[in-house]
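Q: just the structure for this:
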Amino acid sequence: VEVYPSSFKPLEWTLPHRADNACFAKLICDRGNGLRVLGVHLLGPDAGEVLQGFALALKLGCTKHDFDRTVGIHPTVAEELVGLSVTKRSGADPRKTGC
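A: Numbers count the residues shown, from 1 in each chain. Prediction:
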């Protein structure tokens, strides 16, 4: 299993000056099966609606590469899911800073 986590501040929270890194996204992928996406976690504004948009892709066996080639709906937290690059296994800090 390969996990791509991210802690971030959504673009829509920039002007109201809400807390940094108050949202979380994670892709869980099968390393032995071409990084097929096994699950998606999302905590943030409109998460339910955003995840519903990805549900069909998961049912059809999408991969991390498919996510990487997708343009996220702007301005929503969906943009974060299609730009994940840090793996938990790498030990790098998954927190995003700035825009």
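
Q: now the helices for the chain?
A: In the chain, the helices defined using DSSP state H lie at 47-59, 64-68, 78-81.

Q: okay if I get these as CSV plus mean neighbour count?
A: The way it works is simple: take the backbone N, C-alpha and C, and place the C-beta from them, glycine included. Formatted as CSV, the helices of the chain follow (neighbours: other CB atoms under 10 Å):
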stretch, mean neighbour count
helix 47-59, 13
helix 64-68, 16
helix 78-81, 22
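
Q: looking at those, which is nearest to residue 1?
A: helix 64-68 (11.9 Å; CB to CB).

Q: now for the closest one, which elements pack on it?
A: For helix 64-68, the packing partners by 3 or more CB pairs under 8 Å, 6 or more residues apart in numbering; DSSP states H and E come out as strand 23-30, strand 36-43.

Q: centroid-nearest residue for this structure?
A: For the chain, the residue sitting closest to the mean C-alpha position, by CA atoms, centre = their mean, is residue 81 at 2.4 Å.

Q: and the closest residue to that one other than its chain neighbours, what does it touch?
A: On the basis of CB to CB, 6 or more residues apart in numbering, the spatially nearest residue to residue 81 that is not a chain neighbour turns out to be residue 25, at 5.4 Å. Applying CB atoms under 8 Å, 6 or more residues apart in numbering, one finds that residue 25 lies in contact with 5-6, 8, 40-44, 77, 80-81, 84.

Q: please apply the same query to residue 23.
A: Residue 23 touches 7-10, 42-45, 77, 80, counting by CB under 8 Å, 6+ apart.

Q: so the residue nearest to the centre of the chain makes contact with residue 43?
A: No: using CB atoms under 8 Å, residue 81 makes no contact with residue 43, being 11.9 Å away.

Q: so what's the gap between stretch 44-55 and the chain middle?
A: A distance of 11 Å separates the centroid of the chain from that of stretch 44-55, by CA atoms, centre = their mean, to the nearest Å.

Q: hang on, the earlier thing: now the residue nearest to residue 81: how far from residue 39?
A: From residue 25 over to residue 39 the distance is 12 Å, taken as CB to CB, to the nearest Å.
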